[in-house]
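K.L.:
my questions are about this predicted structure, shown below with the sequence.
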Amino acid sequence: MAARRKMADGTRQERTAAPSPRPSDGLSRDQKLELYYWMRLTRTLEERLVALYRQTRVVGGLFRSLGQEADAVGSCFALERRDIMSPLIRNMGAMLVKGATPLEILRQYMAKGDSPTRGRELNIHFGDLERGFIGQISPLGDMVPVMAGVTLSFRMRGEDRVGLVYVGDGATSTGAFHEGINLAAVQKCPLVVIVESNQYAYSTPTWKQTAAKQMIDKAVGYGVPGLQADGNDVLAVYDVTKQAVDHARAGGGVTLVELITYRRKGHAEHDNQSYVPAGEIEHWEKTNDPIDRYHAVLLNELGFSRNEVDAVDDRVRAEVDAATELAEQSPPPEPLDALLGVYADPPQETPLWFRDGTRAAVERNERAEGWGTWNKGTAE
Ligand SMILES: Cc1ncc(C[n+]2csc(CCOP(=O)(O)OP(=O)(O)O)c2C)c(N)n1
Ligand SMILES: [Mg+2]
């Protein structure tokens, strides 16, 4: 597929063939099949979640990455184990690549007592710094300044680590995105900003929320390189992200990477997509499915046999079935679990507010008489 690179002087370099050698040429045969495994696992696990959602066993909202699996998987695959990644709801595939398990994700969506957040959060808003992924939050764009800080700390400590943050095309119109990428750019933080251009933000098509013709045009304003790739070609996604990651690791600072893709499902499962022009979704499904496309590449260009690829599908089905069975056996949360991780130890904490019988505590936390300028005004 064609890839376009935005040059520093603002011109665009068109390529009909990928550069030689491509970073993905350096992937082993096993790694190339692994890319397929992670995409297939993402899709099968999400399909399982949809079935559970329809049975009301997924109790919160359900967000799909249908048609975008190559973005999360191909980009995260370009990171090293020590690197830190900040996902969004459509980056379950990246979390899987970084070591989140289907069982954790099922328990999380089913609000089980032994889920990573003990049933207090009902989708993939959980993190684990040891495995290299940060817990996400809903406010759009806010993880960009967070990751500017994370990667600034890498630079200041001289650590050989890179950060990668995902945002949607809609999130690039927030103040947080602007402040975060600007700070990271001027501080030359080792950060890769992945913009998933999936054509929609909720029900708003991209052209209605930004006058920019394409997201990489925004890179110019921040003085950082912008790379753009076909987001439904997993090897192209890996290639551009690996270039950006290598650039960051070598001290070059931030790169904005735009992945062109399409959100085939609504914002979440409840969204009936009535605002989408007729035929659009079907067109992408039939002609530009990232898994179908890579399946064909594996068989026709990379020399894999049908049996080898089928074996991955079988493995994924078995893994998702086994994880579902275990998750279903998990208990609901205990009511008191709601307090865990909120207070250090509630019964023994000294209250900071006034209550009958706790006068001494109130006094202890009152400002000492004569401190500062509190009551000096009239005396002087
Ligand atoms: C600051 C902020 N404004 C609005 C919302 C509500 N909201 C949640 S997701 C969403 C659309 C996101 O679109 P985009 O960034 O393109 O990501 P996509 O869902 O397409 O992956 C909106 C408006 C929010 N979470 N945060
Ligand atoms: Mg979007």
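P.N.:
Okay, I see it. Numbering: from 1, shown residues only. Ligands and ions are numbered 1, 2, ... in the order given.

K.L.:
apart from its neighbours in sequence, what residue is nearest Asp160?
P.N.:
Nearest in space to Asp160, with sequence neighbours left out and distances taken as CB to CB, 6 or more residues apart in numbering, is Arg249 at 6.8 Å. C-beta: built from backbone N, CA, C; applies to glycine.

K.L.:
distance check, that neighbour against ligand 2.
P.N.:
28 Å (CB to the ion, to the nearest Å).

K.L.:
repeat that for Phe126.
P.N.:
Using CB to the ion, we find Phe126 at a distance of 22 Å from ligand 2.

K.L.:
the closest residue to ligand 1 within the stretch 201-350 of the chain: what's it in contact with?
P.N.:
The stretch 201-350 of the chain approaches ligand 1 most closely through Ala201 (3.1 Å), counting by CB to the nearest ligand atom. Counting by CB atoms under 8 Å, 6 or more residues apart in numbering, Ala201 touches Gly168, Asp169, Gly170, Ala171, Ser173, Gln209.

K.L.:
coming back round to it: now do the contacts for the residue nearest to Asp160.
P.N.:
Residues near Arg249 by CB under 8 Å, 6+ apart: Asp160, Val162, Pro190.

K.L.:
for the stretch 51-200 of the chain, what spans make up the helices?
P.N.:
Taking DSSP state H, counting those that start in this stretch, the helices of the stretch 51-200 of the chain run over residues 69-76, 92-97, 102-109, 143-157, 175-186.

K.L.:
show me what contacts Gly231?
P.N.:
Gln68, Ala70, Asp71, Glu196, Ser197, Asn198, Val237, Leu259, Ile260, Thr261, Pro290.

K.L.:
and with 10 Å instead?
P.N.:
Neighbouring residues of Gly231 by CB atoms under 10 Å, 6 or more residues apart in numbering: 67-72, 74-75, 194-198, 237, 240, 257-262, 288, 290.

K.L.:
what does Ile181 give?
P.N.:
The contact partners of Ile181, taken as CB under 10 Å, 6+ apart, are 141, 144-145, 147-148, 165, 167, 172, 189, 191, 193, 195, 218-219, 221-222, 224, 254, 256.

K.L.:
residues near the nearest residue to it once chain neighbours are set aside, how many?
P.N.:
Take Ile181 and drop its neighbours on the chain: the residue closest to it by CB to CB, 6+ apart is Tyr222, 5.3 Å away. The number of residues packed near Tyr222 is 18, by other CB atoms under 10 Å.

K.L.:
which parts of the stretch 201-350 of the chain are strands?
P.N.:
With DSSP state E, counting those that start in this stretch as the criterion, the stretch 201-350 of the chain has strands at 204-205, 226-230, 255-260.
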